[in-house]
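Enquirer: sequence first, predicted coordinates after that:
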Number of protein chains: 2
Amino acid sequence: MEPIRVGLLGLGIVGGGTFKVLERNADEIARRAGRRIVVTKVGERDVARARARVGADVAVEADAFAVARDPEIDIVVELIGGVTVARQLVLEAIANGKHVVTANKALLANHGNEIFAAARERGVMVAFEAAVAGGIPIIKAIREGLTANRIEWVAGIINGTTNFILSEMRSRGLPFEEVLAEAQRLGYAEADPTFDIEGIDAAHKLTLLASMAFGIPVQFSRAYVEGITRLSSVDIRHAERLGYRIKLLAITKKRPEGVELRVHPTLVPAGRLIANVEGAMNAVLVNGDAVGPTLYYGQGAGEEPTASAVVADLVDVTRLDTADPGHRVPHLAFQPEALADLPILDIGDVRSAYYLRLRVRDQPGVMAELARILADNQISINSMLQQQPEDEGDGADIIFLTHEALERDVDNAIAQMQALDVVTSDVTRLRMEQLA
Amino acid sequence: MEPIRVGLLGLGIVGGGTFKVLERNADEIARRAGRRIVVTKVGERDVARARARVGADVAVEADAFAVARDPEIDIVVELIGGVTVARQLVLEAIANGKHVVTANKALLANHGNEIFAAARERGVMVAFEAAVAGGIPIIKAIREGLTANRIEWVAGIINGTTNFILSEMRSRGLPFEEVLAEAQRLGYAEADPTFDIEGIDAAHKLTLLASMAFGIPVQFSRAYVEGITRLSSVDIRHAERLGYRIKLLAITKKRPEGVELRVHPTLVPAGRLIANVEGAMNAVLVNGDAVGPTLYYGQGAGEEPTASAVVADLVDVTRLDTADPGHRVPHLAFQPEALADLPILDIGDVRSAYYLRLRVRDQPGVMAELARILADNQISINSMLQQQPEDEGDGADIIFLTHEALERDVDNAIAQMQALDVVTSDVTRLRMEQLA
């Protein structure tokens, strides 16, 4: 059988890794795919560097659009990143009847519905295993491995940068800014780390997972996103004492009234496997009604782990290249005409357990007043801790762990606590999940 | 589109679970598969019980062969278990042009080559996700999710019964026999637990994983199998003190000279995620050259977790029902004509680190003699512990942890130690893996 011809757009870290893995493991891959998978063209602005990298057998074009339109190309791999040009390139490739493989979560979280519709129209595949959790085959697991299940929730550590930062903050007791600077030195965080530390990258990925888990269109703009920049070491220590670890979790849950879609620092029982995922590693927990909880763990980023997912997609696409579209897995796991219109819930309508920390004046009746506010707002207390301030300030620090409550009720309770004279600090609120 | 028609052979625990999940989640499954998946016939000796269970719309046959031959059936699901009749049924279904889904690891580990060849010949699929690690989509991960990689090794906890027993032995300090009896009371172990506790069930599953990881024929008879029946609580305690946990691991590694295929109790560093897989849960670590280590965790047995895998296979098979065989994933991950003839290594040719425990007379020169024996056999010592016997017996207990060595050299060293007058006990040998 003729080799399948791949046009590779972008020869950066992941593009270079993909080229390298395809070359190094060419025989092993062909033994699986039944056909050789060969990069015949590269689209890369830095033509000289690309030429030096890929050798004489591979054509290099400065204009990625020329590759996307090239009749000699069967599959376009988009590894340029960003949203605007990437969107045009992907749509151009689709319009020219090419399958697309991409690692671009920002693109699909924002323009997935448009892109998948165009691909369906034209009868081509868009594969994106590399867009979520690097080399972990989590998209395949949710989309194909758990098809028997009504998926109930998904909770993942799907941003390695923030997990590295949180792991270091906990194990070494260092503040956020210091660890971030170190992560930047080590290459775990980018010069502009906003997308990672503000939770946006995780929310992009979560948006895709939620669509595949529940059969809903991609709706990134409806996600609640809270990063780790305001997380204090004090709360990491308190959480630990109470038997919890704080992780930046991306959580999506199906409720009768809609879908929760939220990224935020979260207390997780320290004994859970996912609480012990350290450093830059990723892990995703998926709970299905038949299978129960399943967990998928591995490297969520990096040159070769991400290339591993890109190449797995290339093998899948190669295998189904000429298959009838009915034989292919639907982009979002569910048949496009069978997507549900379940709304994404506002954060106020989310249900979670909570960790609340506040400082109060040390005087009689304070606890009664706080407890009354919680009760008035239908929030029941799971446990409570009162202690002298670590910083030797006046008053007492109080921590409540609540049972599951409605976020809007917790907002009200916090506002009412904040209005009390005896409360001398802001009320810190973190969410907490049992994940079982 | 017409529903696809399933004939279900065996309405025991997994068969009943499969029927239940297909019924309960029928809409969700059809939204994914694009077609309804309907059990139209059941083959079950206890006809009356089956009739009561499946209702009037489903035909029940006492003769499973009648279902396997039935022209009105598209897919046969074999959940009878055992090897002899199951083999005949599966071959009969294939000969009649039906796809097969099975959870039967014993069958495929012993007769997989014959069955896959017959299926290829007839152009049908044999799917077996449920045969390994219950609801965890580990076959899909290895066969499709990691196709970019040269897989280097796989190590798994793939028998829930033995993991439950080991977890209880460790956490409660109880001996094997006592925990086994409890496991039988709780339904975690069968009345005849031989297949589980002797490691045979794990070796069946490992045989399939190894074939898919390395592209070799199924070769169960070449596996080295050692169960947990001779494992002593003393070694669990020593391991813990040294920073390790003992798990029954199923391990397969690719070496230049062949493939290691072995099941045995194994010391694993206590900090590894897989060392913290407790109770009846399963987990499989897969190490690929590009992706690095990835781990898959979940319930490895039970009614609905196993049904989850059976139904996922049904969805895959339904999707590719009429596809050209070239569009389907090869049974053993690699194209059948591209399987390798790498030999399975004898246990003597395996390389591992070791834990050796022995009792010696408390007299000068003993340690020097033992150390000399190890050195003479090219075994280097990683760490060593000497202590008074827990049972207050005479002499001293010595534990060696070695670096990686050849099993045959360790056999020799043990024989030489055993021949010494000063060695007053048998030498206990356990294998040890770093898994990183």
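Expert: In hand now; what should we look at?
Enquirer: just give the number of residues close to A:Gly279.
Expert: 13 (other C-beta atoms under 10 Å in any protein chain shown). No exception for glycine: its C-beta is placed from N, CA and C like everyone else's.
Enquirer: swap that for A:Ala301, please
Expert: For A:Ala301, using other C-beta under 10 Å, the count is 23.
Enquirer: SS state for it?
Expert: Counting by DSSP: H, G, I helix; E, B strand; the rest coil, the backbone at A:Ala301 sits in coil.
Enquirer: need the pLDDT of it.
Expert: On pLDDT, A:Ala301 comes in at 94.
Enquirer: one more: the one 10 residues further on?
Expert: At A:Val311 the predicted local distance difference test score is 98.
Enquirer: check for me that it belongs to a helix.
Expert: Yes - A:Val311: assigned to a helix according to three-state DSSP.
Enquirer: ok, the closest residue to it other than its chain neighbours - how many residues close by?
Expert: Nearest residue to A:Val311 in three dimensions, chain neighbours excluded: B:Ala148, at 3.3 Å (C-beta to C-beta, 6 or more residues apart in numbering or on different chains). B:Ala148: 31 surrounding residues under other C-beta under 10 Å.
Enquirer: test my guess that B:Ala148 contacts A:Asp313.
Expert: No - between B:Ala148 and A:Asp313 there is no contact under C-beta atoms under 8 Å: 9.1 Å.
Enquirer: Provide the secondary structure category for the residue nearest to A:Val311.
Expert: Applying three-state DSSP: B:Ala148 is coil.
Enquirer: which residues does it contact?
Expert: A:21-22, A:25, A:29, A:307-312, A:315, B:288, B:290-291 (C-beta atoms under 8 Å, 6 or more residues apart in numbering or on different chains).
Enquirer: how about A:Ser352?
Expert: A:Glu404, A:Ala405, A:Glu407, A:Arg431, A:Met432, A:Glu433.
Enquirer: so for stretch A:420-432, mean pLDDT?
Expert: For stretch A:420-432, the per-residue pLDDT averages 97.
Enquirer: how close does A:Asn113 sit to A:His204?
Expert: In this view, A:Asn113 and A:His204 are 14 Å apart by C-beta to C-beta, to the nearest Å.
Enquirer: most distant residue from the centre of chain A?
Expert: No residue in chain A has its C-alpha farther from the mean C-alpha position than A:Pro364, which lies at 46.0 Å (C-alpha atoms, centre = their mean).
Enquirer: my reading is that it is in a helix; is that accurate?
Expert: No - under three-state DSSP, A:Pro364 sits outside any helix and is assigned coil.
Enquirer: just to revisit the earlier point, tell me the one among the contacts of A:Ser352 nearest to chain B.
Expert: Comparing those against chain B with C-beta to the nearest C-beta places A:Glu433 closest, at 17.4 Å.
Enquirer: which residues of the stretch 1-150 of chain A lie near chain B?
Expert: Counting by C-beta under 8 Å from any C-beta of the partner chain, the residues of the stretch 1-150 of chain A close to chain B are A:17, A:21-22, A:24-25, A:28-34, A:129, A:134-137, A:140-141, A:144-150.
Enquirer: any idea where the helices of the stretch 51-200 of chain A begin and end?
Expert: Here the stretch 51-200 of chain A has its helices, by DSSP state H, counting those that start in this stretch, at A:64-69, A:84-95, A:105-122, A:138-140, A:160-172, A:176-186, A:194-197, A:200-214.
Enquirer: packing partners of the helix or strand hosting A:Ala375?
Expert: Applying DSSP states H and E as the criterion places A:Ala375 in helix A:366-376. Packing partners of helix A:366-376 (3 or more C-beta pairs under 8 Å, 6 or more residues apart in numbering or on different chains; DSSP states H and E): strand A:351-360, strand A:381-387, strand A:396-402, helix A:407-418.
Enquirer: restricted to strands, list the contacts of A:Ser352.
Expert: A:Ala405, A:Arg431, A:Met432 (DSSP state E).
Enquirer: list buried residues within those residues.
Expert: Using 16 or more other C-beta atoms under 10 Å in any protein chain shown as the burial test, the ones in strands among the contacts of A:Ser352 include A:Ala405, A:Arg431, A:Met432 as buried.
Enquirer: how about those in JSON lines, adding distance to chain B?
Expert: Output for those, formatted as JSON lines (distance: C-beta to the nearest C-beta, whole Å):
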{"residue": "A:Ala405", "distance to chain B": "29"}
{"residue": "A:Arg431", "distance to chain B": "24"}
{"residue": "A:Met432", "distance to chain B": "21"}
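Enquirer: follow-up on the earlier one: which of the contacts of B:Ala148 fall within helices?
Expert: A:Val21, A:Leu22, A:Ile29, A:Ala307, A:Ser308, A:Ala309, A:Val310, A:Val311, A:Ala312, A:Val315 (DSSP state H).
Enquirer: in contact with A:Glu152, which residues?
Expert: Here A:Glu152 is in contact with A:Lys253, A:Lys254, A:Asn287, A:Gly288, A:Asp289 (criterion: C-beta under 8 Å, 6+ apart).
Enquirer: buried ones among the residues you listed?
Expert: Of the contacts of A:Glu152, these count as buried by 16+ other C-beta under 10 Å: A:Lys253, A:Lys254, A:Asn287, A:Gly288, A:Asp289.
Enquirer: so in terms of bridging, what pairs with the third one?
Expert: The residues paired with A:Asn287 through beta bridges, assigned by DSSP bridges, are A:Trp153, A:Pro293.
Enquirer: from B:Leu285, how far off is it?
Expert: According to C-beta to C-beta, A:Asn287 stands 22 Å off from B:Leu285.
Enquirer: can you list the weak-confidence ranges in the stretch 51-200 of chain A?
Expert: Filtered on pLDDT under 70, the stretch 51-200 of chain A yields no residues whatsoever.
Enquirer: not counting sequence-adjacent ones, nearest residue to A:Leu339?
Expert: Among residues not flanking A:Leu339 along the chain, A:Gly215 sits closest, at 5.4 Å (C-beta to C-beta, 6+ apart).
Enquirer: count of residues packed around that neighbour?
Expert: 22.
Enquirer: so it sits right up against A:Pro330, yeah?
Expert: No - if you go by C-beta under 8 Å, A:Gly215 and A:Pro330 don't touch, sitting 9.1 Å apart.
Enquirer: quickly list what's touching both of these two.
Expert: B:Arg32.
Enquirer: endpoints of stretch A:329-343, how far apart?
Expert: Using C-alpha to C-alpha, to the nearest Å, the end-to-end distance of stretch A:329-343 comes to 24 Å.
Enquirer: what of stretch A:214-224?
Expert: End-to-end distance for stretch A:214-224, by C-alpha to C-alpha: 17 Å.
Enquirer: ok, stretch A:190-208 next?
Expert: Counting by C-alpha to C-alpha, you get 23 Å between the two ends of stretch A:190-208.
Enquirer: from the chain's centroid, how far away is that stretch?
Expert: Taking C-alpha atoms, centre = their mean, to the nearest Å, the mean C-alpha location of stretch A:190-208 is offset from the chain mean by 8 Å.
Enquirer: in that stretch, what counts as buried?
Expert: Residues A:193, A:195-208 are the ones in stretch A:190-208 that count as buried (16+ other C-beta under 10 Å).
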